[in-house]
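Enquirer: Would you be able to build a 3D model of this:
(2 chains)
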Amino acid sequence: MKMSKLFVQTLREFPSDAEVMSHKLLVRAGYIRRLASGVYNYLPLMWRTLRKVENIVRQEMDAAGAQELLMPFVQPEELWQESGRWEVYGKELMRLKDRQGRGMCLGPTHEEVITYIAREGIKSYKQLPVNLYQIQSKFRDEVRPRFGLLRGREFIMKDAYSFDVDEAGLDKEYENMAKAYTRIFERCGLETKMVQSDSGAIGGSVSHEFMVVCDSENNAGENDVFYCEKCNYSANSNHAISILPQAVTNGGFEKAEIVDTPNCKTIEELAAFLKIEPSTIVKTLVYVADKQYVMALVRGDKTVEEIKLQNAVGANEIRIASAAEIKEIMINNGKTGEAGYISPIGIKDVTVVADKSVLELKNFVIGCNETEKHLVGANWGKEAQLPEKVEDIRLVQEGEICVDCGSPLKVTRGIEVGNIFKLGTKYSKAMNAVYMAEDGTEKPFIMGCYGIGISRTAAAAVERHHDEFGIKLPLAIAPYHAIVVPVNCKDELQMKVANELYEKLQKAGVEVVLDDRDERPGVKFKDADLIGFPYRITAGKTVNEGLVEFKNRANGEMEKVTPEKAVELIIDAVKSLA
RNA sequence: CGGGACGUAGCGCAGUUUGGUAGCGCACCUCGCUUGGGACGAGGGGGUCGCAGGUUCGAAUCCUGUCGUCCCGACCA
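Expert: Residues are numbered from 1 along each chain as shown, chains lettered A, B, ... in the order given. The predicted model follows:
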């Protein structure tokens, strides 16, 4: 490809609406352009990279025994009614009607369709196990698209679905996929951590996420991952559990009484005012879970993990209650407290979920539903009724103790690039997808599902591989392998050497660009660095001595070599990919 | 959906406070010059100032509405 013909427009400056590096760089280097919120055009450079990621995924999935197919992007409402997700999925599901008024949706994931396919196509245990996958655009009408390709509404995903006769088969395939995933991300230049996670809207029992670990100041990593350096424990914050380290749990109050606590809306203010540890206070937060009021209780120095709370109450949606809603609860119960002074004491018709951490508190402080007053010296079973529901709803914090080995946990930020689930029979039962088992009875499929965000993986790779000059994607997924730059296009010898290099590399199957633009060298070098050609051969003045410059974008190393040697180096590097 | 900000040429921005008929840099086209890290000179093309109303002799500027975008919170590959 000649640079003068390559469809790419690099920008001198970063776009103003981009926040994270991968977004800024992909736009500036001419890989992508936004079309609508969370919807992007993949320009030729991006598309080449995406296809390379796809092909790595294909190779590893095929090697792992999965078979590729392609399902429709538009799906009928009936299937979603069968699985029950038409109601459950919420606004993220892009719904539409066809001209007949039939309900349709844009596929955010394909459990329904694949289950339908299996139901129609798999009649006997003899056809099992099987793992089917596709690579396709998905659409999720995200609440808040952001970060370019890292959180688009339309994105490319590989989704695989496995069908087994029993749990043992599923477990085996789950392991098989986990291994394939690790290889896939490695080949894309990404080190990943496989962490336990909540299974969310997809459902099922066990699930793990593959996280690309980011440094803490990189906000492209939207997930907090807790992990143990001693053993292998690691989990997304929505799922992580821990043992609390020693803390003061006795408030030390001699007797229970209501005391004045002016201007103590926050735990900090209250602790300072009463001169006590925050860990001796019961914090009450009011939530709305599917229109039902919920009070969540945690120790004063801890935070509620909302996903855990949502699971604990079995809700689809959860949000913190507004001041007006809290007031409504208070009025209905004949109380006057506002946020900061709330507790379940004397409140009816509200679900109360306590975190385990509050149980061991003694002589503690708790709200009494009267503004500017708290109850001190309270104890469970006496002044405060023990909540009927005690669950783990606490957000883990760094330094808490690993449940597996007792070491302190650490935290890091991560970009979720892959996710695997054990679905079990959730969809097969709901949709009556059964096969004839060896014993002659009908049984539902035991299913697993396995996703990889293709476009997100590519963006994560940029997030991990760049410098102040531009993108440094690894050779395996860079749009091109190399660029040949004649310093001065009017210099005949330089052009001759450059052309020869270009042709030789092309013949050898190297994906190479010749920068034939009559530009000053600075412009060409800046563009080459920005776009991120892994190798650059520069034909400059030293062609007179039979030498060209060979530069490695990844490590910045530069050497003067003969043109033959440069060609050999690149061909060797490209060969080593396979 | 709640809170905040912003919509002026492909990109980055000024002009809005105090209304007077649109500008700068980059990019693009032509010519000259230049060729090892985003040169320089001359000339040129491109914007109904997000959209719709309103106020006014006159609106990018003031008012109302609306749409869009981005940022902070709750979701996920």
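Enquirer: When you work out contacts or count neighbours from here on, use the C-alpha atoms and nothing else.
Expert: Will do.
Enquirer: For the stretch 351-500 of chain A, give me the ranges with low pLDDT.
Expert: Within the stretch 351-500 of chain A, no stretch falls below the threshold (pLDDT under 70).
Enquirer: likewise the stretch 101-250 of chain A?
Expert: For the stretch 101-250 of chain A, the ranges with pLDDT under 70 are A:200-204, A:216-219.
Enquirer: can you pull out the helices in chain A?
Expert: For chain A, the helices defined by DSSP state H cover A:21-28, A:44-63, A:77-83, A:85-88, A:111-121, A:167-187, A:267-274, A:306-313, A:323-332, A:426-430, A:454-464, A:492-507, A:521-531, A:563-575.
Enquirer: list the buried ones in the longest one?
Expert: Residues of helix A:167-187 classed as buried under the neighbour-count rule (16 or more other Cα atoms under 10 Å) are A:167, A:169-170, A:173-174, A:177-178, A:180-185, A:187.
Enquirer: Tell me what angle it forms with helix A:454-464.
Expert: Interaxial angle, helix A:167-187 versus helix A:454-464 (axes from the mean of the first three to the mean of the last three Cα atoms, to 10 degrees): 40 degrees.
Enquirer: Dump the C-alpha coordinates for helix A:167-187 into PDB.
Expert: Output of helix A:167-187 as PDB, limited to C-alpha atoms (Å, rounded to 0.1, in the frame of the first residue of the first chain):
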ATOM      1  CA  GLU A 167     -22.000 -30.400  34.900                       C
ATOM      2  CA  ALA A 168     -18.800 -32.300  34.600                       C
ATOM      3  CA  GLY A 169     -18.800 -31.700  30.900                       C
ATOM      4  CA  LEU A 170     -19.500 -28.000  31.400                       C
ATOM      5  CA  ASP A 171     -16.700 -27.800  34.000                       C
ATOM      6  CA  LYS A 172     -14.300 -29.300  31.500                       C
ATOM      7  CA  GLU A 173     -15.400 -26.900  28.700                       C
ATOM      8  CA  TYR A 174     -15.200 -23.900  31.100                       C
ATOM      9  CA  GLU A 175     -11.600 -24.800  31.800                       C
ATOM     10  CA  ASN A 176     -10.900 -25.300  28.100                       C
ATOM     11  CA  MET A 177     -12.300 -21.900  27.300                       C
ATOM     12  CA  ALA A 178     -10.300 -20.300  30.100                       C
ATOM     13  CA  LYS A 179      -7.100 -21.700  28.700                       C
ATOM     14  CA  ALA A 180      -8.000 -20.500  25.100                       C
ATOM     15  CA  TYR A 181      -8.800 -17.100  26.400                       C
ATOM     16  CA  THR A 182      -5.500 -16.700  28.200                       C
ATOM     17  CA  ARG A 183      -3.700 -17.600  24.900                       C
ATOM     18  CA  ILE A 184      -5.900 -15.200  22.900                       C
ATOM     19  CA  PHE A 185      -5.100 -12.300  25.100                       C
ATOM     20  CA  GLU A 186      -1.400 -13.100  25.200                       C
ATOM     21  CA  ARG A 187      -1.300 -13.100  21.500                       C
END
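Enquirer: Give me the contact status of that helix with RNA strand B.
Expert: No. Applying Cα under 7 Å from any atom of the strand, one finds helix A:167-187 separated from RNA strand B by no less than 11.3 Å.
Enquirer: Distance check, whichever residue of the stretch 251-400 of chain A sits closest to RNA strand B against A:T261.
Expert: Of all residues in the stretch 251-400 of chain A, the one sitting closest to RNA strand B is A:I307 (4.5 Å; Cα to the nearest atom of the strand). Going from A:I307 to A:T261 by Cα to Cα, to the nearest Å gives 32 Å.
Enquirer: All the strands of the stretch 251-400 of chain A, in order from the start?
Expert: Along the stretch 251-400 of chain A, the stretches classed as strands by DSSP state E, counting those that start in this stretch are A:257-260, A:282-289, A:292-299, A:303-304, A:318-320, A:351-355, A:364-367, A:373-378, A:389-391, A:394-395.
Enquirer: Export the ones you listed as JSON lines, with columns for distance to RNA strand B and mean neighbour count.
Expert: Below are the strands of the stretch 251-400 of chain A laid out as JSON lines (distance: least, Cα to the nearest atom of the strand, whole Å; neighbours: other Cα atoms under 10 Å):
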{"stretch": "strand A:257-260", "distance to RNA strand B": "30", "mean neighbour count": "14"}
{"stretch": "strand A:282-289", "distance to RNA strand B": "10", "mean neighbour count": "24"}
{"stretch": "strand A:292-299", "distance to RNA strand B": "14", "mean neighbour count": "24"}
{"stretch": "strand A:303-304", "distance to RNA strand B": "10", "mean neighbour count": "18"}
{"stretch": "strand A:318-320", "distance to RNA strand B": "5", "mean neighbour count": "17"}
{"stretch": "strand A:351-355", "distance to RNA strand B": "16", "mean neighbour count": "23"}
{"stretch": "strand A:364-367", "distance to RNA strand B": "23", "mean neighbour count": "28"}
{"stretch": "strand A:373-378", "distance to RNA strand B": "26", "mean neighbour count": "24"}
{"stretch": "strand A:389-391", "distance to RNA strand B": "17", "mean neighbour count": "16"}
{"stretch": "strand A:394-395", "distance to RNA strand B": "11", "mean neighbour count": "24"}
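Enquirer: Cool, thanks, signing off.
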